[in-house]
Every structure is written in C-alpha cells, then in structure tokens.
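Asks: Just to be clear, the model below is a prediction. Sequence and coordinates:
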Amino acid sequence: MDATNDAPLPTASEGPDAAPGDGRDETENERLDRNWNEMLQELRVIQTGTQILTGFLLAAAFQSRFDDLDDYQRAVYLCLVVTSILTTVFGLAPVSLHRALFRQRAKSQVVHVTDRILQFTMVGVALTLAGTGMLIFDFVLGRAAGIVIGVLILAVVIGIWVVLPRVVRHNHHIELRA
C-alpha cells in the first residue's frame, strides 16, 4: 500500500486491468469482454505476420537456388518451417477455443488461456524472425554473419518485447506511488 493512496497497487500477476480504482467503471464481464477484444486485435496482427512469414518460408523451397543450401542451412530451414507452422497454429488456437466454448459462460477461461497462447505465439514469432534473418545472412554472407544477425535480431526482440514493457511497467508503478 502506498501511504498517499489507500488502493493497493496491482501485482505483476494481476496486471493493470485488475487494479482497483483504475478509473474504469466496468463489471467483471465488461472487463473480460474488453480484454478479449484487445486480444483479438493482437491476434489479428500476429496472424497476418505469421501467415506471411510461413508462406515465404514454404515458397522458398521451390526457388531455384534452394538446391545451393548446405546441410546446416537445410536443417535451419526445416526447423524454421516447423516453428513457423506451429506459431501459426498457436495464433489461430484462440479462435478454436472460443468456438468450442462459445455460450458456455467460460469467457474468463478463454481470456486466461488466450493470454498464455499469445505468449507462446510471441516466442514462436521471435524465434522465426531471428532464425529467418540468420538463414538469409548465412546464405548470402556466410555462417558467422548469419549467427551474428540471428543473435542481434533475438536481442532486439527481447529488448523491445520483454525489457521495454517491464521498464515502462516499473516506471508506471513508480508514478502511481508518487
């Protein structure tokens, strides 16, 4: 508790939407509906990106220079195809979950499970992006360049998708206490 504000700050597990006194006057059902709609917007972005990337990877095997890949590059490529396809499956899973539980009064479970699915999907997207960069640079400039760019892309993704939100959340909590 903050001495200047009697409302407790939300914990990391509760998230900002669970904060009492956050200025929203909504019921639990309204909050779940809002969270579900926000997740749907995130899913639309992720689904488009993963489907385009998966299509690119699948089409690459049919290009004339595909035969120029060495064994390492082929192994990386196949791992990327599997990762990309699984990421697409995860990105579409909330739709199936929602359909299966539609009108079953399970919105809370759908929102909770979808949150977890989105986290797995983001990991898949990060690995696919870094791996694709690595494969392309490996093919064009060599193994060392591929590894460097793959690690660099992964570092940027972690910085922007993991570290930045934590810094913003931390600063937001500090502002709430002030």
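Replies: Thanks, I have the structure now. Numbers count the residues shown, from 1 in each chain.

Asks: Where does Arg103 sit: helix, strand or coil?
Replies: Using DSSP: H, G, I helix; E, B strand; the rest coil, the structure places Arg103 in coil.

Asks: Tell me how far the residue nearest to the spatial centre of the chain lies from Gly91.
Replies: With distances taken as CA atoms, centre = their mean, the residue of the chain nearest its centroid is Met122 (2.1 Å). Distance, Met122 to Gly91, by CB to CB, to the nearest Å: 10 Å. C-beta here means a position set from N, CA and C on the backbone, and glycine is covered the same way.

Asks: Quick check: neighbours shared by those two?
Replies: Ile46 (CB atoms under 8 Å, 6 or more residues apart in numbering).

Asks: that older thread, near the nearest residue to the residue nearest to the centre of the chain once chain neighbours are set aside, how many other residues are there?
Replies: Nearest non-adjacent residue to Met122, counting by CB to CB, 6 or more residues apart in numbering: Trp161, 6.5 Å away. Number of residues near Trp161 (other CB atoms under 10 Å) recorded here: 13.

Asks: right, and Trp161 touches Val125 too?
Replies: No - counting by CB atoms under 8 Å, Trp161 does not reach Val125; the two are 9.0 Å apart.

Asks: All the helices of the chain, residue numbers only.
Replies: Using DSSP state H, the helices assigned to the chain run over residues 28-60, 71-101, 107-141, 143-158, 164-177.

Asks: Determine which stretch of those is the most buried.
Replies: Scoring the helices of the chain by mean neighbour count under mean count of other CB atoms under 10 Å gives helix 107-141 as the most buried, with a mean of 18.

Asks: starting at the chain centroid, how far to it?
Replies: 6 Å (CA atoms, centre = their mean, to the nearest Å).

Asks: what does stretch 93-112 give?
Replies: That offset, for stretch 93-112, works out to 19 Å (CA atoms, centre = their mean).

Asks: Quick one: mean pLDDT for it?
Replies: Over the span of stretch 93-112, the pLDDT mean works out to 86.

Asks: Same question for stretch 136-149.
Replies: Mean pLDDT, computed over stretch 136-149, is 97.

Asks: Quick check: end-to-end length of it?
Replies: 9 Å (CA to CA, to the nearest Å).

Asks: For that stretch, give me every contacting residue.
Replies: Stretch 136-149 is touched from outside by 68-69, 72-73, 76, 133-135, 150, with contacts defined as CB under 8 Å, 6+ apart.

Asks: go on, stretch 32-49?
Replies: Counting by CB under 8 Å, 6+ apart, residues outside stretch 32-49 touching it are 17, 26, 88, 91-92, 94-95, 107-108, 110-111, 114-115, 118, 121-122, 125.
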